[in-house]
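Student: Have a look; sequence and predicted model below, questions after that.
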Amino acid sequence: MSLPSDVGDAVALRFYRGDVLVPGEECQLVPDVEPIFEITEMDAPLDGDGNPMRFEGDVIPAGKVRAFAEGFGLPRNRPSLRRLMSLAQLVLDPTDPGVLARHLAAEPLSYPNGDQTGARFLIVTTIGDMSVPANGGITVSRAAGLVDYLRPDPRYGKPVNQVLIDTYTAESVNRLQRYTYANVPSNSNIVDLLHLDDTRGVHYDVENFADGGDIWGSNIPRLDPPLRLVRDHDTQGNPLGGLSAAAFPYAIPQGQHGFPLPGEMTDWAIKICRETLGSQAPECAADQIVGNTFDIGWFMFHTFGRFLRRPELHPYALGCVSKNPCNEIPTVPEQRDPASLR
């Protein structure tokens, strides 16, 4: 239902019996009809824990039913909405990351003071992301000159762009079941810890940063050899000012925006072990698993640190899966007395 409104507009929901609308697009009622039920007030809604529900940070109060947001209320799949979206895109196009990506290094922009743009970059697109769609990350990587769409990669006999299409990385819809989890456990708790949805559809791991050493093992498809794109020149041969990369980390089989925090995936591994072998099994002690199972959160944090500290090296912190210092990243210095910082 589409309803043009400003924030706080009073709203009345009226229910009628039978077909009472005049044909057309104006949503007019036929004469002399009365609603069988009307809602103009509401109780304050609560969540499952009994706490007040919020909309964009504000508590939804009891009282008159009012519009939570403002908008034109244009109906979907209509020319009016398509026109608005086209105009909005025209406004956004000049600042679209895909438009600006080529200016990171290959085509510098000059400022009035003579300075130019230019920076190494690490573009991170999590597999199956539909909040910031994965195809958008691929587009930015392609525009920046990291993903080649013309020249075949000798590892695959086709361009990397085609690899991302053929593995459905660009599509990013696991529920279409292009691939499914190989051996689904019978224990529902383990299924939840593996983050499998009801379809059991999974995404393709094109990076295999875990080298198969994560909680999913051989149950998900992985690209061989893995992608792990790193370049010091873009696809057109322009220097990038150092090593730049486009990474596609695998967060969970059904895909998500971003990746788990450091240590979170290790916690899943410990819980899966205890569900499988028992809560007191010595093999499931934290010191037996920490650092011995792949943890995407720690890996990515080490990768960011390596990228910032060592511009001459590829950024991927392979093997760095715990809090321990890794890949020549120094230990955190001891805390100093603030009075000595002068």
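Tutor: Arrived safely.

Student: what's the offset of stretch 40-50 from the middle of its chain?
Tutor: 31 Å (C-alpha atoms, centre = their mean, to the nearest Å).

Student: cool, and stretch 196-206?
Tutor: The chain centre lies 15 Å from the centre of stretch 196-206; the measure is C-alpha atoms, centre = their mean.

Student: Flag every buried residue along that stretch.
Tutor: Residues 196, 200-206 are the ones in stretch 196-206 that count as buried (16 or more other C-beta atoms under 10 Å). In this view, the C-beta of every residue, glycine as well, is placed from N, C-alpha and C.

Student: what's the span of it from first residue to last?
Tutor: Stretch 196-206 has an end-to-end distance of 19 Å (C-alpha to C-alpha, to the nearest Å).

Student: which residue sits closest to residue 130, ignoring its sequence neighbours?
Tutor: In space, and not counting its chain neighbours, residue 130 is closest to residue 172: 6.0 Å by C-beta to C-beta, 6 or more residues apart in numbering.

Student: An error on my part: the question was meant for residue 176.
Tutor: residue 201 (6.6 Å).

Student: And the strands in the stretch 201-342 of the chain, which stretches?
Tutor: Assigned by DSSP state E, counting those that start in this stretch, the strands in the stretch 201-342 of the chain fall at 201-202, 229-233, 239-247.

Student: same question, the stretch 51-200 of the chain
Tutor: Using DSSP E, counting those that start in this stretch, strands in the stretch 51-200 of the chain cover 54-55, 58-59, 63-64, 122-124, 179-180.

Student: Please identify the deepest-packed of those.
Tutor: Ranked by mean neighbour count under mean count of other C-beta atoms under 10 Å, these are led by strand 122-124, which reaches a mean of 19.

Student: if we can go back for a sec, just the buried residues of stretch 196-206: which are in helices?
Tutor: Taking DSSP state H, every one of the buried residues of stretch 196-206 sits outside helices.

Student: need those residues in TSV with pLDDT and distance to residue 39, can you?
Tutor: Formatted as TSV, those follow (pLDDT from 0 to 100; distance: C-beta to C-beta, whole Å):
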residue	pLDDT	distance to residue 39
196	96	39
200	96	40
201	97	39
202	98	43
203	98	42
204	98	47
205	98	49
206	98	50
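
Student: if we can go back for a sec, enumerate every residue touching the residue nearest to residue 130.
Tutor: Taking C-beta atoms under 8 Å, 6 or more residues apart in numbering as the criterion, residue 172 is in contact with 127-130, 133-135, 203, 255.
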